[in-house]
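Asker: Provided below for reference: sequence and predicted model.
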Amino acid sequence: MPPPADIIAFCKDWTEPATSVNHVMAELAKRHRVLWINSMAMRNANLASAHDLKKIFRKFHSWFRGTQIVHEHLRTVTPVSIPLPKYRLVQRLNQFLVRVCIRRAAKQWGFTSPQLWIFPPNSVDFIGAFGESLVVYYCVDDWSGFSYLNAGFMVAKEKELLAKAAVVFVTARKLLADKQAFHPRVHLIPHGVNFDMFAKALSPELPIPADLQVIRAKSLASKVSGLQSPTIGFYGNLYDWVDQDLIARIAAQRPHWSVVLIGKIMSDITTLQQCPNIHILGPRPYADLPAYCKGFDVGLIPYKTADPRMQSVNPLKLREYLAAGLPVVSVDLPEVRGASDDVFIAQNVPDFILQIETALTRNSAADRQRRSHTMLTETWTARVATIEHQLADLPEVVRV
């Protein structure tokens, strides 16, 4: 295990919904000091978009607040950057502003020879700016596949990053195969799970949230005689890669089922709003998700498999559902195949219904307890321990 280090981590915004980035850095912050850099512009802002304008406002507000202390070993800072990254002059100005901001924050904390961890590839421009001892690329996405990003720009930045990083960690087998063509030290680190948190769903003392209790009660009261009235749950932002048509058709063919969707609305949801047994609750705090899982009978992963990005996606919710004791029914994703005997893969609407009905027959209290225990070795603590062992084994010659 390497000795404690100082880490500068280029990430997304700390306050956005938790992703693997949050979990990895929070785990590292148990032993190391982490300076978390909130996201910088990866695309041109749309000033006609209320979402973009709100984000710009939040950024400037955060900048004026300076460095924020999350806990003893984790601080966040928001550099000012102009949201027009495709222009070279703007890139240079942003680089200057960001360097000044981060150097100030690192100096205040007494950083010396920090490690540089990079999640979004556009942060490659800052390699060499902080006297870093090691550069780590942690790759969680196929950055070229996002419609709202400049694919050529992101591909170029990632190639530059792959040439400069000492080591690369990826979260999916497709990413492993892709990056191994450009780097000799690429390691697959599947997503972990906050086991202790999600296993609380099995606790008799944990109440099911009131809004979900109302939905479950109405479903039971109106059910067709002799038929089950389960609650099929999904949480995650409703982006364009969530298969709304699939969800709507499942709900239409089983009107006595309640389909509950939790997450921020990030696309047109007209299709979902037309189904009376689909309940769209909007975002909920991350800490409340185990309580919602307790009220679900099945956890759903309904992504669009035709979307090329799905070949490299590794759903965080997969292991979270399982740790909460839920059986899972998912579309056919590479990172879902073989994950667990309690994950049922479906190819189409009739198959989804069949697999959900099968999952419902394996959902006793004992089933949930057994299922949850299979995730005991899949924790973020175990994942980060593997990462640290890989870092300790790096030859000195590849360090900065």
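Answerer: Yep, it's here. Numbering: from 1, shown residues only.
Asker: all strands for the stretch 1-150 of the chain, in order.
Answerer: Along the stretch 1-150 of the chain, counting by DSSP state E, counting those that start in this stretch, strands occupy 6-10, 33-37, 68-71, 74-77, 115-118, 134-139.
Asker: got those strands as CSV, with mean neighbour count, mean pLDDT and distance to F344 columns?
Answerer: (Each C-beta comes from the backbone N, C-alpha and C, glycine too.) Shown next, in CSV, are the strands of the stretch 1-150 of the chain (neighbours: other Cβ atoms under 10 Å; pLDDT from 0 to 100; distance: least, Cβ to Cβ, whole Å):
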stretch, mean neighbour count, mean pLDDT, distance to F344
strand 6-10, 24, 97, 36
strand 33-37, 25, 97, 37
strand 68-71, 12, 91, 38
strand 74-77, 22, 96, 38
strand 115-118, 26, 98, 36
strand 134-139, 23, 97, 29
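Asker: Put together a markdown table for the ones you listed, with distance to M197 on each row.
Answerer: Formatted as a markdown table, these follow (distance: least, Cβ to Cβ, whole Å):
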| stretch | distance to M197 |
| --- | --- |
| strand 6-10 | 22 |
| strand 33-37 | 20 |
| strand 68-71 | 16 |
| strand 74-77 | 18 |
| strand 115-118 | 24 |
| strand 134-139 | 22 |
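Asker: To what extent is L376 buried, counted in neighbours?
Answerer: Using other Cβ atoms under 10 Å, L376 has 13 other residues around it.
Asker: Contact partners for it?
Answerer: Applying Cβ atoms under 8 Å, 6 or more residues apart in numbering, we find L376 in contact with F195.
Asker: one more time with 6 Å, if that's ok
Answerer: Contact partners of L376, counting by Cβ atoms under 6 Å, 6 or more residues apart in numbering, are absent.
Asker: Flag the shaky bits of the stretch 251-400 of the chain, pLDDT-wise.
Answerer: Applying pLDDT under 70 to the stretch 251-400 of the chain flags residues 397-400.
Asker: Helices along that one, start to end?
Answerer: 270-273, 289-295, 316-323, 349-360, 365-373, 380-392 (DSSP state H, counting those that start in this stretch).
Asker: okay, those, which one's buried deepest?
Answerer: When the helices of the stretch 251-400 of the chain are scored by mean count of other Cβ atoms under 10 Å, the highest mean neighbour count falls to helix 316-323 (a mean of 26).
Asker: Convert the C-alpha atoms of that helix to CSV, please.
Answerer: The C-alpha trace of helix 316-323 is given here as CSV (Å, rounded to 0.1, in the frame of the first residue of the first chain):
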residue,chain,number,x,y,z
LEU,A,316,-23.8,1.9,-10.7
LYS,A,317,-27.3,1.0,-9.8
LEU,A,318,-26.7,-2.7,-10.7
ARG,A,319,-24.8,-3.5,-7.5
GLU,A,320,-26.8,-1.0,-5.5
TYR,A,321,-30.0,-2.8,-6.4
LEU,A,322,-28.4,-6.1,-5.4
ALA,A,323,-27.0,-4.8,-2.2
